[in-house]
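Engineer: coords below, sequence missing:
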């Protein structure tokens with residue numbers, strides 16, 4: 001799919017940002033759009049690393065934020081990843097929408113975040129914000145859960161499951177987008193989220209398997 005096919009479907013300012021660096025959409029991105037990404041449908045996207053999952057999230061953010069539907073929450077598992085996403089989004093969408101980050105004190109409500117349209121946080125910090133009854137949570141209309149396979153993680157999984165469950169109760173018209181390269185039970189997860197499932201095996205670099213012995217590698221055909 002050529003990016004130009006989305007002209008008119010995406011907000012003008014958002015489309016202009018993408019047009020600076022993108023001409024063709026990748027298979028997973030095209031499948032996500034066909035599955036209702038731009039219509040607010042819940043989706044679980046399970047595709048290889050570097051297959052374009054972040055852009056899928058950006059398309060959903062543009063529709064939610066720039067069309068005035070509400071705020072977008074981007075949940076990541078690690079503080080370092082939150083800071084990386086914050087830096088990337090703030091630079092890429094400067095002057096288009098505002099981006100905030102919340103990964104600090106778990107005993108603070110961070111009411112200042114109400115001025116931001118896109119908020120990047122960890123599941124642990126989000127859990128704290130919900131418990132503090134942070135007012136702007138009710139304005140969230142898009143939740144992106146990056147590395148959503150961590151629902152099965154004994155450490156972070158329960159917290160992520162709790163915040164997703166509570167957010168769905170807060171706003172029934174909220175769109176949820178789960179992203180992962182490795183989900184063991186994608187169909188079951190999609191059913192739990194009342195979501196469509198987007199799967200694709202395309203990757204930018206071919207993946208090969210082989211055996212290293214000494215200084216030689218024998219690849220499996």
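Structural biologist: Everything's here; your move. Predicted model only: the values in this text are computed from it and were never measured.
Engineer: Please, where are all the helices along this structure?
Structural biologist: 12-19, 27-34, 53-66, 79-92, 123-131, 157-170, 186-192 (DSSP state H).
Engineer: what sits up against the fourth one?
Structural biologist: Yep, that's helix 79-92 we're talking about. For helix 79-92, the external contacting residues (CB atoms under 8 Å, 6 or more residues apart in numbering) are 17, 74, 76, 99-101, 103, 118, 120-122, 146. All C-beta spots, glycine's among them, are computed from the backbone N, C-alpha and C.
Engineer: The same query, at a cut-off of 10 Å, please.
Structural biologist: Outside helix 79-92, the residues that touch it by CB atoms under 10 Å, 6 or more residues apart in numbering are 17-18, 20-21, 54, 57-58, 61, 74-76, 78, 96-104, 118-122, 124-125, 144, 146-147.
Engineer: May I see the buried residues of that helix?
Structural biologist: By neighbour count on 16 or more other CB atoms under 10 Å, the buried set for helix 79-92 is 81-82, 85-86, 89-90.
Engineer: likewise the last one?
Structural biologist: In terms of neighbour count (16+ other CB under 10 Å), helix 186-192 has its buried residues at 186, 189-190.
Engineer: deepest of the helices of the chain, which one?
Structural biologist: Stretch with highest mean neighbour count among those: helix 53-66 (a mean of 22; mean count of other CB atoms under 10 Å).
Engineer: ok, now how distant is residue 199 from residue 68?
Structural biologist: Per CB to CB, to the nearest Å, residue 199 is found 32 Å from residue 68.
Engineer: Neighbour count: the two, which is higher?
Structural biologist: Remark: of residue 199 and residue 68, residue 199 carries more neighbours, 14 against 9, as counted by other CB atoms under 10 Å.
Engineer: which residues does that one bridge with?
Structural biologist: Beta bridges link residue 199 to residue 46 when assigned by DSSP bridges.
Engineer: My read is that it contacts residue 28, right?
Structural biologist: Yes: applying CB atoms under 10 Å as the test, residue 199 and residue 28 come out as touching, 8.3 Å apart.
Engineer: what would the buried residues of helix 186-192 look like in TSV with distance to residue 49?
Structural biologist: Listed next are those as TSV, based on distance: CB to CB, whole Å:
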residue	distance to residue 49
186	16
189	18
190	20
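Engineer: Let me know the closest of these to residue 215.
Structural biologist: Checking these against residue 215 with CB to CB, the nearest one is residue 186 at 38.9 Å.
Engineer: of all the buried residues of helix 186-192, which comes closest to residue 48?
Structural biologist: Comparing those against residue 48 with CB to CB picks out residue 186 as the nearest, at 13.2 Å.
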